[in-house]
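> coords please:
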Amino acid sequence: MELKPKRLCFTKRYVWEVTSEKKIDVQEHQATGNCWIKCATFITVSLMSMGTGAAELWMTPALPHLKSTNFKFSVSTEELSWIISLFNVGEIIGFLLYPLIIDRIGRKNTLLVFFMPQILSCTLTLSAENVITLYLARIIGGIGYGAGTVVQVIYVNEIADKNVRGLLISISRLAFLIGCISIVLVGSLASYDTMNLVVLLMQPIFILTFFFVPESPYFYLKRYSEEKAIKSLSKLHGIDDIKILELKINDMKEGIIEDVKSKEFALRSLFEKKRHRRAFFIVATLKIGVAFSGSSVIAVYTQEIFSYTGFSIPPEYSLIILVAIVSVGVVPIVLLVDYVGRRAVILYGSIVCSLSLTVLGLFFFLKMYLQISDLSSISWSPLVALIFLELSSVALLCTSFVISGEIFSSQVKSTALSFLYIKTKLLEVLMKLYFENVVGVFEIYGVFWIYAAACLLLCLIGFYIAPETKGKTLEEIQMLLN
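All right, here's what the predicted structure looks like:
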């Protein structure tokens, strides 16, 4: 194949020669020799998500220890609410910090930078002798994990093929769930200090492997290193043909040029252009809907919920059964995102999630409002409802992550993701901080029913307005939004 004549594309910062040849499907020309590097890269990047999951769900097994009168220092109810919420406050700070360095030092180095507060947070948690130290540990951990999560999504979207992009982002969410499951299992069976030590030991697994991960070719092009970009692209996609590589690089150059032209107007463009406004509204609606699944709040109090059911299995073992079943069921759930499409997962996931919350609310309505003393015949129902709630919320969470990575153009992606993550985490902070206050007003069954109605309504709106992005390129998705 011969390259066609080239045309000059330039902005104030970039001057490149870009071929005018028609775009082709690069995947048809891929070699298979280096594909293992791509697989290893995705697995390595996903390892950070394990630590994020463990840190995010740390409060679930830690709560009984912190409430115990035998704990090494006293923690009041108000202080517990702050310990639960401050991790999300740290995540918000991380979302504000990562844009300052991601295009200066690269995606890979940015992930490494934000790995340091993760280590510091685990160390402080393990050695904490007072509440203030725990506050600091949660905030610092939130900074590291929050920024790392967003950069991870950006990195994967830049290096992944369109046909597996959703699957690869879902794999990172699967690793997140593995981290959640690990901390719950260890916390249920081991001491408080052992649990914290396990979280700390998760970190070296990521750092020892991540040094060998290639940098994103997009970053190299932005730093005028076309040769490095070609080498990175060749490793990541297993492409040996230099002409095919040059065509792919040319596509990236055009995308970067367009990005630079509008970068200073990114915030203005996000709300002025119809496709950007629509994308923002779609993802915002879905993420608020996922938040109202209540999974992040309910997860903290799961063991306490089991203690009120009167189920014959002790609460800590009910929790283990829950995470064990979810850990097995989550694998096919994650694969559904790329198999049946994003919109189908949103529709059926929201229905199952809403029904699960309704069943939970009904059980506690019978127990607390109607004061039916003998509910032994249905004492198993909260466990079953929580299993379906967790599986459906995982499906919705994975889908919202996939769509948020696909639906925005490169011009506004960083700005839009920052806004959306900050908004979502602020909502989570408020939901966690005032959960017990809201329960005091509406009772626990009322809270479950509010969550059920809000989750179903918001996700159905998202289903109605969202385009199907399965198997489409980022350019095709932008055309659909118009």
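> neighbours of residue 127, just the number please.
By the measure other C-beta atoms under 10 Å, the count of residues near residue 127 is 11. Using the backbone N, CA and C atoms, a C-beta is placed for each residue, glycine as well.
> now the residue nearest to it when sequence neighbours are not counted: which helix or strand?
Among residues not flanking residue 127 along the chain, residue 133 sits closest, at 7.4 Å (C-beta to C-beta, 6 or more residues apart in numbering). Following DSSP states H and E, one finds residue 133 within helix 131-159.
> list the buried ones in that helix?
131, 134-159 (16 or more other C-beta atoms under 10 Å).
> for that helix, packing partners?
In terms of contacts (3 or more C-beta pairs under 8 Å, 6 or more residues apart in numbering; DSSP states H and E), helix 131-159 is packed against helix 35-56, helix 77-97, helix 107-113, helix 115-127, helix 165-189, helix 217-222, helix 381-406, helix 413-433.
> and those helices: which comes nearest residue 269?
Proximity to residue 269 (C-beta to C-beta) singles out helix 413-433 among the helices and strands packed on helix 131-159, at 8.6 Å.
> what is the very next helix or strand once past that closest one packed up against?
Counting by DSSP H and E, the next helix or strand C-terminal to helix 413-433 is helix 435-465. For helix 435-465, the contact count by 3+ C-beta pairs under 8 Å, 6+ apart identifies helix 77-97, helix 274-291, helix 342-364 as packing neighbours.
> could those be laid out in JSON lines, adding mean pLDDT and distance to residue 429?
What follows is those, written out as JSON lines (pLDDT from 0 to 100; distance: least, C-beta to C-beta, whole Å):
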{"stretch": "helix 77-97", "mean pLDDT": "89", "distance to residue 429": "5"}
{"stretch": "helix 274-291", "mean pLDDT": "89", "distance to residue 429": "11"}
{"stretch": "helix 342-364", "mean pLDDT": "93", "distance to residue 429": "21"}
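> can you say which of those is nearest to residue 187?
Closest among the helices and strands packed on helix 435-465, using C-beta to C-beta: helix 77-97, at 14.7 Å.
> okay but residue 439 is in contact with residue 445, surely?
No - judged on C-beta atoms under 8 Å, residue 439 makes no contact with residue 445 at a distance of 9.5 Å.
> out of these two, which sits in the busier spot?
residue 445 (20 against 15).
> from residue 48, how far out is the more buried one?
38 Å (C-beta to C-beta, to the nearest Å).
> next, the buried residues of stretch 107-120.
For stretch 107-120, by 16+ other C-beta under 10 Å, it's 107-108, 110-115, 117-120.
> hang on, the earlier thing: residue 336 is nearest to which of the helices and strands packed on helix 131-159?
helix 381-406 (6.4 Å).
> now do the buried residues in the closest one.
Applying 16+ other C-beta under 10 Å to helix 381-406 flags 381-383, 385-406 as buried.
> count of neighbours near residue 364?
Neighbours around residue 364, by other C-beta under 10 Å: 21.
> setting aside sequence neighbours, what's the nearest residue to it?
residue 445 (4.1 Å).
> any idea of the pLDDT on the one you found?
pLDDT recorded at residue 445 is 92.
> just checking, it touches residue 362?
Yes - applying C-beta under 8 Å, one finds residue 445 in contact with residue 362, separated by 7.2 Å.
> wait, which of the helices and strands packed on helix 435-465 is closest to residue 426?
Nearest of the helices and strands packed on helix 435-465 (C-beta to C-beta): helix 77-97, 6.6 Å.
> what is the subsequent helix or strand relative to the closest one?
Assigned by DSSP H and E, the successor of helix 77-97 is helix 102-105.
> now that next one, how far from the chain's geometric center?
21 Å (C-alpha atoms, centre = their mean, to the nearest Å).
> compute the number of surrounding residues for residue 71.
13.
> list the contacts of the nearest residue to residue 296 once chain neighbours are set aside.
The shortest distance from residue 296 to any non-neighbouring residue, by C-beta to C-beta, 6+ apart, is to residue 428 (5.7 Å). Contact analysis of residue 428 by C-beta atoms under 8 Å, 6 or more residues apart in numbering lists 85, 88, 291, 296-297.
> kindly reformat these as CSV containing distance to residue 53 and neighbour count.
Below are the contacts of residue 428 laid out as CSV (distance: C-beta to C-beta, whole Å; neighbours: other C-beta atoms under 10 Å):
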residue, distance to residue 53, neighbour count
85, 18, 21
88, 14, 24
291, 17, 25
296, 12, 21
297, 16, 18
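> tell me the one of those nearest residue 208?
Using C-beta to C-beta, residue 88 is the member of the contacts of residue 428 that lies nearest residue 208, at 28.8 Å.
> show the contacting residues for that closest one.
Applying C-beta under 8 Å, 6+ apart, the residues near residue 88 are 142, 425-426, 428-429, 432.
> same check on residue 44?
Counting by C-beta under 8 Å, 6+ apart, residue 44 touches 206, 209-210, 212-213.
> which two in the residues you listed are spaced the farthest apart?
Using C-beta to C-beta, the contacts of residue 44 span at most 11.8 Å, a distance reached by 206 and 212.
> which one of those two has more residues nearby?
More crowded of residue 206 and residue 212, by other C-beta under 10 Å: residue 206, with 22 against 10.
> give me the nearest residue to that one, chain neighbours excluded.
Closest to residue 206 by C-beta to C-beta, 6+ apart is residue 47, at 4.2 Å.
> check contacts around the one you found.
Neighbours of residue 47 in contact, by C-beta under 8 Å, 6+ apart: 175, 205-206, 209-210.
> try 10 Å this time
172, 175, 178-179, 202-203, 205-210 (C-beta atoms under 10 Å, 6 or more residues apart in numbering).
> run a quick check on residue 335 versus residue 173, I expect a contact.
No - with contact defined as C-beta atoms under 10 Å, residue 335 does not count as touching residue 173 (11.7 Å).
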